[in-house]
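Trainee: Need a 3D model of the sequence below.
(chains A and B)
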Amino acid sequence: AQKVTQAQTEISVVEKEDVTLDCVYETRDTTYYLFWYKQPPSGELVFLIRRNSFDEQNEISGRYSWNFQKSTSSFNFTITASQVVDSAVYFCALENNFGNEKLTFGTGTRLTIIP
Amino acid sequence: DVKVTQSSRYLVKRTGEKVFLECVQDMDHENMFWYRQDPGLGLRLIYFSYDVKMKEKGDIPEGYSVSREKKERFSLILESASTNQTSMYLCASSLLAGADKYNEQFFGPGTRLTVL
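Mentor: Alright, predicted model coming up:
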C-alpha cells in the first residue's frame, strides 16, 4: 500500500524567509508520480508540479524549488523569499500503478507567512 | 482554462436526508473524481469515473454512491446523510492519460457539507 507523510502540520515564517515543506512517501512500485498541490483560502486546489520516479533532477520554478531523493523517499518543496500570497495549505500526493490515475494525498501542511 | 464547478459552496442537511452534490467540468475530460477533505486526514478518494456510466470505488466509498450519465457531470449521492459525513467535498477532473503521459487533476472549489 502507498502512503504519503507530511509531518509538519503547521509552519509559520516571517515574510521573505525561506521555508521547506517536507514530504516522505512509501510505495512498492518502481514507477510512480509525485505531486504538490496548493490550496489557498478560496479552497480550490492548484496543481504545482508533477515528477515521475525516473527523473530525480531537482526543479526550480521562480521562487519554488523541489528536491526529489529516491534514496530517502522524499520530495521536499522549498519556497525562497516567501510572500504573504504563499499562505495556504500544501499537499503532497503520490500516484502509483502507472495510468491508474488515483492519487494518495498527504495530510497537508498549513503555511502561514507573517507580514 | 479548465473549469470545474460544484453546485454549492455550503450546504446544511439533516440526518437521514438524501443529498446530491453536483460537479460539472467544461473541458471534455474523461476522468472525474470525488474526494472528501477532513482536518488531519488530507484528501481521501471516495469514487472516480473514467467514462460515462463507469465508476470505481476509491478508498472510502461506504455511505456514498455516484452517477455519471453525461461526460461533463459527476454526481455524489449520500443516500441517508449522517453526521460523520460532515466534511468538505472536492470534485476533480482530468484527461485520460496516454501510454506515456499523465494529465494532472483540476479541482473545483469544494462544497462544505454540514449534517445536523
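Trainee: Could you look up the SS state of the residue nearest to B:Lys57 when sequence neighbours are not counted?
Mentor: Leaving aside its sequence neighbours, B:Lys57 sits nearest to B:Tyr47 (Cβ to Cβ, 6 or more residues apart in numbering or on different chains; 6.1 Å). In this view, the C-beta of every residue, glycine as well, is placed from N, C-alpha and C. Classification of B:Tyr47 by DSSP: H, G, I helix; E, B strand; the rest coil places it in strand.
Trainee: Could you tell me which residues make contact with B:Tyr47?
Mentor: Shown in contact with B:Tyr47 (Cβ atoms under 8 Å, 6 or more residues apart in numbering or on different chains): B:33-34, B:55-58, B:61, B:64-66, B:76.
Trainee: same thing with A:Ser53?
Mentor: Counting by Cβ under 8 Å, 6+ apart, A:Ser53 touches A:29-34, A:70.
Trainee: hmm, 7 Å instead?
Mentor: Contacts for A:Ser53 (Cβ atoms under 7 Å, 6 or more residues apart in numbering or on different chains) come out as A:30-32.
Trainee: Do you know the pLDDT at it?
Mentor: Looking at A:Ser53, its pLDDT stands at 87.
Trainee: Over to it: give its phi and psi.
Mentor: Phi and psi for A:Ser53, reported as degrees, to the nearest 10, are phi -70, psi -10.
Trainee: distance of it from chain B?
Mentor: Plainly put, A:Ser53 is 12 Å away from chain B if you go by Cβ to the nearest Cβ, to the nearest Å.
Trainee: Would you mind measuring from the residue nearest to B:Lys57 to A:Asn58?
Mentor: 36 Å (Cβ to Cβ, to the nearest Å).
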